[in-house]
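[1] Here's a sequence, model it:
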Amino acid sequence: MIELDSHRLTTDHIKKVTAQSLQSVQKAINGNMMCIAIPLIGFEQEPSDGVQGEIERETLEAENLNSEEFKIPCMPEISAPGLLRTIQAPIINHSKEELPEDSTNPFTRALKLGFTLHRGSYATILLREYMKPADLIEAGF
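    Here you go, the predicted model:
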């Protein structure tokens, strides 16, 4: 878990969840003071505990990687130390407006969307949620 500041941006305060802290963590999540985080693998990022850590280690092994391979000595600025990343991104100033029907193409629908995302969040992920079909299997996803 990562603590969030008043703008819902991540801080450097990390808390591991235990059976004893579960209730207080849930309260912090509900109050937008904390968020679930997962690791982005890198040379400084320790594997997770438990089943998640096993999955991380198995994935690195399957890809024939170790954490030192995330260091690029000849270009240290592109080395990847790793970090924890929140699994959700707040959508700020969200607006949606359905646009009038296009008489030249009556089978299409158009929306005008407005939103702000924090740095490191991807608009394409949000837009995919708007554009995905109702039946994913029928559409071939």
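[2] ok, longest helix in this structure?
    The single longest helix within the chain, with elements called by DSSP state H, is helix 50-62.
[3] For it, buried residues please.
    residue 56 (16 or more other C-beta atoms under 10 Å). Just so you know, the C-beta spots here come from the backbone N, C-alpha and C atoms, and that holds for glycine as well.
[4] Tell me which residues are up against that helix.
    Here helix 50-62 makes contact (C-beta atoms under 8 Å, 6 or more residues apart in numbering) with 38-39, 41, 47-48, 66-67.
[5] Show me what whichever helix or strand comes after that helix is packed against.
    Sequence order places strand 83-86 as the next helix or strand after helix 50-62, per DSSP states H and E. Here strand 83-86 touches strand 10-14, strand 37-40, going by 3 or more C-beta pairs under 8 Å, 6 or more residues apart in numbering; DSSP states H and E.
[6] okay, those, which one's buried deepest?
    With neighbours defined as mean count of other C-beta atoms under 10 Å, the helices and strands packed on strand 83-86 peak in mean count at strand 37-40, which reaches a mean of 14.
[7] now the residue nearest the centre of the chain: how far from residue 31?
    For the chain, the residue nearest the mean C-alpha position is residue 87 (3.7 Å; C-alpha atoms, centre = their mean). Using C-beta to C-beta, to the nearest Å, residue 87 is found at 17 Å from residue 31.
[8] Kindly state the domain boundaries assigned to the protein.
    Structurally, the chain divides into domains by automatic domain parsing as follows: 2-86, 92-131.
[9] With respect to burial, which of those domains scores highest?
    A comparison of those by mean neighbour count, using mean count of other C-beta under 10 Å, puts domain 2-86 on top with a mean of 12.
[10] Between the two ends of it, how far is it?
    End-to-end distance of domain 2-86: 7 Å, with C-alpha to C-alpha, to the nearest Å as the criterion.
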